[in-house]
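Asker: Return a 3D structure for these sequence lines:
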Amino acid sequence: MAPSKAASPQGPVKAYHNRDFVDGVSARPLRMLAEYLEPFERFEARSISDTILFFGSARIVSAEAAHAELEAVQAAGGDTTVAERRVAMAQYYEATRELAHRLTLWSKGLKDSQRRFVICSGGGPGIMEAANRGASEAKGINIGLGISLPFEESINSYITHDLSFEFHYFYMRKFWFLYLAKAMVIMPGGFGTLDELFECLTLLQTKKIRKHLPIVLFGSAFWNEVVNLEAMAKFGTISEDDLSLIHRTDSIDDAYHYITEQLADYALRHPGAYL
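Answerer: So this is what the prediction gives:
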């Protein structure tokens, strides 16, 4: 390992200004800690202690964008299979946008101004963008916990400026997802969405998360084919009671009423209950 450049023509460099050191292996614990302390400071400044978390695919686009893509393919005389699928999946973008909008208005209408159930997403495109967009259109602050990836846009434009984050470590990002969350909405998604869903279910099942955390699984046509939790209960790898950790729905109204009722019954009665 090459020695770090600890000095310059102007004299010695303080350790925390030494980029070779800070970016190196030895300082990894400092970088991890920074991804805890810096978000903590920003959330404290905004008095944010409650979020409603949205997960879902980064690949699902708005209805407007999907229809424009389909029209372009049709005009070019191409195969419309993929474009038609994107039009069908766009319903989840629009459902996310509307649900985030309604939940933000509900939150803003609460009598206790210090308890704001702020919409939070992974900060990227697709379902994440839709959640931030819906909250922004309701004139509510919203959070984007982004992650640096080589193949995805980093941050969407609807996130409140000082609540936009980009993490390097997935586990620090996951910590901030769940530490503040008081409810979760899971839209159709890929590996990342499934990872977040099953990690949260594991933490609830093992009581590592002790707070009440309602989870809405939205989109029966997708989830019934992709995930068969009932089969896991049938084979005895989970209990029947574990199935109650999830509320399944295809209705924006049902999702809205379920989440707001759950938050009113639990989170509003027990402020400050984290992990």
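
Asker: Where does pLDDT dip in the stretch 51-200 of the chain?
Answerer: Along the stretch 51-200 of the chain, segments meeting pLDDT under 70 span 113-115, 152-153.

Asker: mind listing the helices for the stretch 101-250 of the chain?
Answerer: Per DSSP state H, counting those that start in this stretch, the stretch 101-250 of the chain carries helices over the ranges 127-137, 170-180, 191-205, 220-226, 229-234.

Asker: Give the buried residues for the longest one.
Answerer: With burial defined by 16 or more other C-beta atoms under 10 Å, the residues of helix 191-205 counted as buried are Gly192, Thr193, Glu196, Leu197, Cys200, Leu201, Leu203, Leu204. C-beta here means a position set from N, CA and C on the backbone, and glycine is covered the same way.

Asker: quick one, what contacts the fourth one?
Answerer: Residues near Leu197 by C-beta atoms under 8 Å, 6 or more residues apart in numbering: Phe55, Ile186, Ile215, Leu217.

Asker: Report how many residues lie close to the first one.
Answerer: This means Phe55. Using other C-beta atoms under 10 Å, Phe55 has 26 neighbouring residues.

Asker: Using a markdown table, lay out the helices of the stretch 101-250 of the chain together with distance to Ala34.
Answerer: Listed next are the helices of the stretch 101-250 of the chain as a markdown table, based on distance: least, C-beta to C-beta, whole Å:
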| stretch | distance to Ala34 |
| --- | --- |
| helix 127-137 | 23 |
| helix 170-180 | 9 |
| helix 191-205 | 23 |
| helix 220-226 | 36 |
| helix 229-234 | 37 |
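
Asker: Can you say which of those is packed in most?
Answerer: Comparing those by mean neighbour count (mean count of other C-beta atoms under 10 Å), helix 127-137 comes out on top with a mean of 28.

Asker: quick one: contacts of it?
Answerer: 54-58, 60, 62, 92-94, 96-104, 118-123, 141-142, 144, 156, 158-160, 185, 187-189.

Asker: of those residues, buried ones?
Answerer: Applying 16+ other C-beta under 10 Å to those flags 54-58, 60, 62, 92-94, 96-104, 118-123, 141-142, 144, 156, 158-160, 185, 187-189 as buried.

Asker: From the residues you listed, which land in strands?
Answerer: Phe54, Phe55, Val118, Ile119, Cys120, Ser121, Asn142, Gly144, Val185 (DSSP state E).

Asker: Buried residues in the helix or strand harbouring Arg28, which are they?
Answerer: Using DSSP states H and E, Arg28 falls within helix 28-46. Buried residues in helix 28-46, counting neighbours by 16+ other C-beta under 10 Å, are found at Glu35, Pro39, Phe43.

Asker: Report the contact partners of the residue nearest to the spatial centre of the chain.
Answerer: Central residue of the chain (C-alpha atoms, centre = their mean): Ser121, 3.2 Å from the mean position. Contact partners of Ser121, counting by C-beta under 8 Å, 6+ apart, are 53-55, 127-129, 131-132, 142-145, 159.

Asker: With distance to Asp250 as extra columns, can I get those residues in a markdown table?
Answerer: Shown next, in a markdown table, are these (distance: C-beta to C-beta, whole Å):
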| residue | distance to Asp250 |
| --- | --- |
| Leu53 | 20 |
| Phe54 | 16 |
| Phe55 | 17 |
| Ile127 | 16 |
| Met128 | 21 |
| Glu129 | 21 |
| Ala131 | 18 |
| Asn132 | 23 |
| Asn142 | 24 |
| Ile143 | 26 |
| Gly144 | 26 |
| Leu145 | 27 |
| Ile159 | 27 |
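
Asker: from the residues you listed, which is closest to Ser251?
Answerer: Nearest to Ser251 among those: Phe54, at 16.4 Å, using C-beta to C-beta.

Asker: which residues does the closest one bridge with?
Answerer: Judged by DSSP bridges, the bridge partners of Phe54 are Val185.

Asker: How much space separates it from Gly144?
Answerer: Counting by C-beta to C-beta, to the nearest Å, the separation of Phe54 from Gly144 is 11 Å.
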